[in-house]
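S.K.: pasting the sequence and the predicted model now:
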There are 2 protein chains.
Amino acid sequence: MPYFDAASSLPPHPVATQALLAALDDGWADPSRPHREGRKARLLLDAAREAAADAVGCRPDELTFTSSGTRALHTGVAGALAGRARAGRELLVSAVEHSAVLHAAEAHRAAGGGVTEIGVDREGRVAPEAVAAALRAASRGPALVCVQSANHEVGTRQPVAEIAEVCAAAGVPLLVDAAQSLPWGRVEGGWSLLAGSAHKWGGPAGVGLLVVRKGTRFAPVGPTDERESGRAPGFEDIPAIVAAAASLRAVRQDAAAEAARLAGLVDRIRERVPALVPDVEVVGAAEERLPGIVTFSCLYVDGEALLHALDREGFAVSSGSSCTSSTLTPSHVLRAMGVLSEGNVRVSLPPGTAEQDVERFLAVLPGAVAGVREQLAPPVPVTVDAGEPDGGHGALTVDALGRRCPVPVIELSRVIGRVPVGGVVTVLADDAAARLDIPAWCDMRGQEYLGEAPHGAGPGTAYRVRRVV
Amino acid sequence: MPYFDAASSLPPHPVATQALLAALDDGWADPSRPHREGRKARLLLDAAREAAADAVGCRPDELTFTSSGTRALHTGVAGALAGRARAGRELLVSAVEHSAVLHAAEAHRAAGGGVTEIGVDREGRVAPEAVAAALRAASRGPALVCVQSANHEVGTRQPVAEIAEVCAAAGVPLLVDAAQSLPWGRVEGGWSLLAGSAHKWGGPAGVGLLVVRKGTRFAPVGPTDERESGRAPGFEDIPAIVAAAASLRAVRQDAAAEAARLAGLVDRIRERVPALVPDVEVVGAAEERLPGIVTFSCLYVDGEALLHALDREGFAVSSGSSCTSSTLTPSHVLRAMGVLSEGNVRVSLPPGTAEQDVERFLAVLPGAVAGVREQLAPPVPVTVDAGEPDGGHGALTVDALGRRCPVPVIELSRVIGRVPVGGVVTVLADDAAARLDIPAWCDMRGQEYLGEAPHGAGPGTAYRVRRVV
């Protein structure tokens, strides 16, 4: 059963399981106790910290084990902001950060702080110049910059070392969410804080890493205790920590060779999917990218239906489409990149992925997409406008209010041929994905997107498209 | 190697290890994903929640898995306070709560809230009347009461059901830290919130429980996400959660029989230690107590030296003496109870403790205590007061400034015979334990404790004792 959702979570690495089992015997006692069992636990904890610090490229006393990568990010953001409270109150985050960073930013805003979102290009990349501009513009004094090392949805690597230089020049610390890239290598450059998550490299889910470089101002927020330098309260889960450190070391041993192999498989998917499936957009950076992630979006496809079709074929993938999410909004990453979100599929290959599984995926994908496209929703009411408000050309209004993606785009594509070239189709829609997908459809189809307007006094938005071809 | 520090942490229960291993195969994926691996993980998580809720005696949707018992307490206290922010700002905690609750209280105070500490009797018990009085007196409006189900240092059980009635009558929620008692059974009574910690029953250290009864106002504080009802952000460690739930169910099956057996062993220790070791005070409730915990304090003994002596004999125990703690203050529990802290030993027997190990402990303890007593610190300067300020009786001052416990009490006992009956000994000391131990010594020895006063302009405190016998 090929599992292609590695960016979400990996099965335990064999070394993690072995280390966990071994450490269950010696790592269960309280490492702060002076008795023999406590000392054994302490030795394991210290050794795990040294191994993890070596893998990260930091001093052991800079590294704290947290209970998850999310917790590492929440603690890191809050602690760095509190440590810099006198210097500034503005938190700068890239628009494509993991939701854990965005949630921490929301909490900062709710507590009266300021948050600036730094935009990305169409490949999802944060430009160092954009960081520099945001630092200059930070009205409340820049306190902290958060940029991930690589994106979890589209695989784009960020220019962390250059961004760190920009931050250093401004005297502002940089926190790097390294969750996706840490299995593949150290994060180079002069960052100040770094977070990682063990289950992204085959370690246990209950272990994260928070690194705070010496000299970085940091003030823990909320209740603390004497454990983990006062940065992660609560009894340490040492067997899980040992498993996390051991498996990080193990995956790093094969990282270079496996990265090259997976990148080759991903290149194959990137090249062949557009040829195999009509109306597909491959998104994310073509060059500076993680080895195992490839993301594409398919026009006229319901994301959830496609996931289920692929699941039935035995492939576990992920999606940033709104139709698969309880929030009803498309992935904030795809939105920030301005790319199509409908029919979105993220394929993230775990280390060891077999070539024939990728070939089989490529073999079943066209049929899965075609099958979902066949189940198109029944036509929505189409109203031909009575007047000719648009310079004498034909005009049509499609009422897709209350209809979920991909219906608005499907209906747009269905009726565009019914107006003459130069004519305008107006799509009324209240699904948030339409805002992203209608312009993306125009881009892909060579039609002209005229913009959006409120839909009179009613709900939803009117999106206007002029037929060009 | 007998391990008698069960109240600190237990070795993994065999059922926990088996369940962990089994769940590693099926529980590593993201339970919020719709693919097959995600659904398998979700099934395991749901089943674990049902099992844990059954053991606690609550509805599954009232129970959240957290990353530790400490985190459950921090989250529970903060969330309950935030949910009640309009009703009141005063947090009431018993004086013998676990440090995790006290740290949460400190954070509340630092954020501008009020904290009332509810005192205990000499056995460590919180009287329901004391809770009622504290609720009436809460100047800023009572927001939340925190009382543990049983004390972690001396084993005393609290009258939770009665306290819950008092709280309900006042319309104030009660949070129960059930970490120590949960392995032995449900917490009865009308509490509103409850916290537990899996490594206290042989589950993994990375799992805690937070139960919030329906109808309890609760507002999560800080960043949240969609996991665990918004109360525990971050990817769930499902194998650990499965192991926690399975081992709780397993220990409960033997709980009644094992509780009776351990209580018998503890009774034996409670009875025989005072006969075997001179100058010992057994502390904690004689009746309403946890099965496996017994605590006693030995006069004229350095706590750390005694722990090491027992460790060399192969016994891992714990201590609330200041001489073993990096904080240099004696246990806040012993202080609140007003009992002797020096030479303090907590014996907490794990389930399955063999009778012969207890017998061997009783056999080696007298020698261990005697050995430590022989290494008494060299005499400190003793100054015979020039005048006779105390009604014509003799007077002596012992200068123990800068000396750590148990030196002040050792020197007091050494010189008391050098003043006549009616005479006064003044002990100058700056070790915080002296405030507890000098009155406790007077109690045990039938001498009269006259009180303390600042030591002139110098450091430390002057403790005055009148010789009676």
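M.R.: Yep, that arrived.
S.K.: three-state assignment of residue A:17?
M.R.: At residue A:17 the chain is in helix, as set by DSSP: H, G, I helix; E, B strand; the rest coil.
S.K.: quick one: residue A:116 is in a helix?
M.R.: No. Going by three-state DSSP, the assignment for residue A:116 is strand, not a helix.
S.K.: ok, what's across the strand from it?
M.R.: Note on residue A:116: beta-bridge partners residue A:92, judged by DSSP bridges.
S.K.: contacting residues for it?
M.R.: Contact analysis of residue A:116 by Cβ atoms under 8 Å, 6 or more residues apart in numbering or on different chains lists A:90-93, A:134, A:137-138. Where you see a C-beta, it was placed from the backbone N, CA and C, and this is true even at glycine.
S.K.: make it 7 Å
M.R.: A:90, A:92, A:134, A:138 (Cβ atoms under 7 Å, 6 or more residues apart in numbering or on different chains).
S.K.: out of the residues you listed, which are inside helices?
M.R.: residue A:134 (DSSP state H).
S.K.: which one of the contacts of residue A:116 has the most neighbours?
M.R.: The most crowded member of the contacts of residue A:116, judged by other Cβ atoms under 10 Å in any protein chain shown, is residue A:92 (26 neighbours).
S.K.: does that residue touch residue A:138 like I think?
M.R.: Yes. Using Cβ atoms under 7 Å, residue A:92 is in contact with residue A:138, at 6.5 Å.
S.K.: returning to that earlier point: now, which of the contacts of residue A:116 sits nearest residue A:7?
M.R.: Nearest to residue A:7 out of the contacts of residue A:116 is residue A:92 (Cβ to Cβ; 24.5 Å).
S.K.: list the residues that contact that closest one.
M.R.: Here residue A:92 is in contact with A:116, A:118, A:134-135, A:138, A:142, A:145 (criterion: Cβ under 7 Å, 6+ apart).
S.K.: so which helix or strand of chain A has the lowest pLDDT on average?
M.R.: Every helix and strand of chain A was ranked by mean pLDDT, DSSP states H and E. The lowest is strand A:382-384, at a mean of 70.
S.K.: show me where pLDDT drops low in chain A?
M.R.: A:324-328, A:377-379, A:384-393 (pLDDT under 70).
S.K.: residue contacts, the residue most central in space within it?
M.R.: In chain A, the residue lying closest to the centroid (Cα atoms, centre = their mean) is residue A:152, at 3.4 Å. Going by Cβ under 7 Å, 6+ apart, residue A:152 touches A:7, A:98, A:179-180.
S.K.: can you tell me if stretch A:9-19 touches chain B.
M.R.: Yes. Contact of stretch A:9-19 with chain B (Cβ under 7 Å from any Cβ of the partner chain) involves A:9, A:11-12, A:17.
S.K.: now find how far off-centre the strand or helix carrying residue A:243 is within its chain.
M.R.: Taking DSSP states H and E as the definition, one finds residue A:243 inside helix A:238-253. Here helix A:238-253 is found 24 Å from its chain centre; the criterion is Cα atoms, centre = their mean, to the nearest Å.
S.K.: could you export it as PDB, CA atoms only?
M.R.: What follows is helix A:238-253, C-alpha atoms only, in PDB (Å, rounded to 0.1, in the frame of the first residue of the first chain):
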ATOM      1  CA  ILE A 238      12.900  10.000  27.500                       C
ATOM      2  CA  PRO A 239      12.300   6.800  25.500                       C
ATOM      3  CA  ALA A 240      10.600   8.800  22.800                       C
ATOM      4  CA  ILE A 241      13.400  11.400  22.900                       C
ATOM      5  CA  VAL A 242      16.000   8.700  22.500                       C
ATOM      6  CA  ALA A 243      14.100   7.300  19.600                       C
ATOM      7  CA  ALA A 244      13.800  10.700  18.000                       C
ATOM      8  CA  ALA A 245      17.600  11.400  18.300                       C
ATOM      9  CA  ALA A 246      18.600   8.000  17.100                       C
ATOM     10  CA  SER A 247      16.300   8.000  14.100                       C
ATOM     11  CA  LEU A 248      17.400  11.500  13.100                       C
ATOM     12  CA  ARG A 249      21.000  10.300  13.100                       C
ATOM     13  CA  ALA A 250      20.000   7.200  11.100                       C
ATOM     14  CA  VAL A 251      18.000   9.100   8.400                       C
ATOM     15  CA  ARG A 252      20.900  11.500   8.000                       C
ATOM     16  CA  GLN A 253      23.300   8.700   7.100                       C
END
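S.K.: name the residues of that helix that are buried.
M.R.: A:238-252 (16 or more other Cβ atoms under 10 Å in any protein chain shown).
S.K.: which strands and helices sit next to it?
M.R.: helix A:14-26, helix A:36-56 (3 or more Cβ pairs under 7 Å, 6 or more residues apart in numbering or on different chains; DSSP states H and E).
S.K.: I figured residue A:364 hits residue A:314, correct?
M.R.: No. The pair residue A:364 / residue A:314 is not scored as a contact, 8.4 Å apart, by Cβ under 7 Å.
S.K.: excluding sequence neighbours, find me the nearest residue to residue A:432.
M.R.: Spatial nearest neighbour of residue A:432, chain neighbours left out: residue A:329 (4.5 Å); criterion: Cβ to Cβ, 6 or more residues apart in numbering or on different chains.
S.K.: what residues are up against residue A:172?
M.R.: A:135, A:142, A:144-145.
S.K.: go again using 8 Å as the cut-off
M.R.: Applying Cβ under 8 Å, 6+ apart, we find residue A:172 in contact with A:88, A:92, A:135, A:142-145.
S.K.: so it sits in a helix?
M.R.: No. In this structure, residue A:172 is coil, not part of a helix, as judged by three-state DSSP.
S.K.: for it, grab phi and psi.
M.R.: phi -120, psi 130 (degrees, to the nearest 10).
S.K.: separation between it and residue A:153?
M.R.: 26 Å (Cβ to Cβ, to the nearest Å).
S.K.: the nearest residue to residue A:450 once chain neighbours are set aside: helix or strand, and which one exactly?
M.R.: Excluding its sequence neighbours, the residue lying closest to residue A:450 (Cβ to Cβ, 6+ apart) is residue A:464, at 4.0 Å. Take DSSP H and E as the rule and residue A:464 turns out to sit in strand A:461-466.
S.K.: and that strand, what does it pack against?
M.R.: strand A:424-429, helix A:434-445, strand A:448-454 (3 or more Cβ pairs under 8 Å, 6 or more residues apart in numbering or on different chains; DSSP states H and E).
S.K.: just checking, what packs against the last one?
M.R.: Okay, so that is strand A:448-454. Using 3+ Cβ pairs under 8 Å, 6+ apart as the test, strand A:448-454 ends up in contact with helix A:434-445, strand A:461-466.
S.K.: dump those to JSON lines, plus mean neighbour count.
M.R.: Formatted as JSON lines, the helices and strands packed on strand A:448-454 follow (neighbours: other Cβ atoms under 10 Å in any protein chain shown):
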{"stretch": "helix A:434-445", "mean neighbour count": "22"}
{"stretch": "strand A:461-466", "mean neighbour count": "21"}
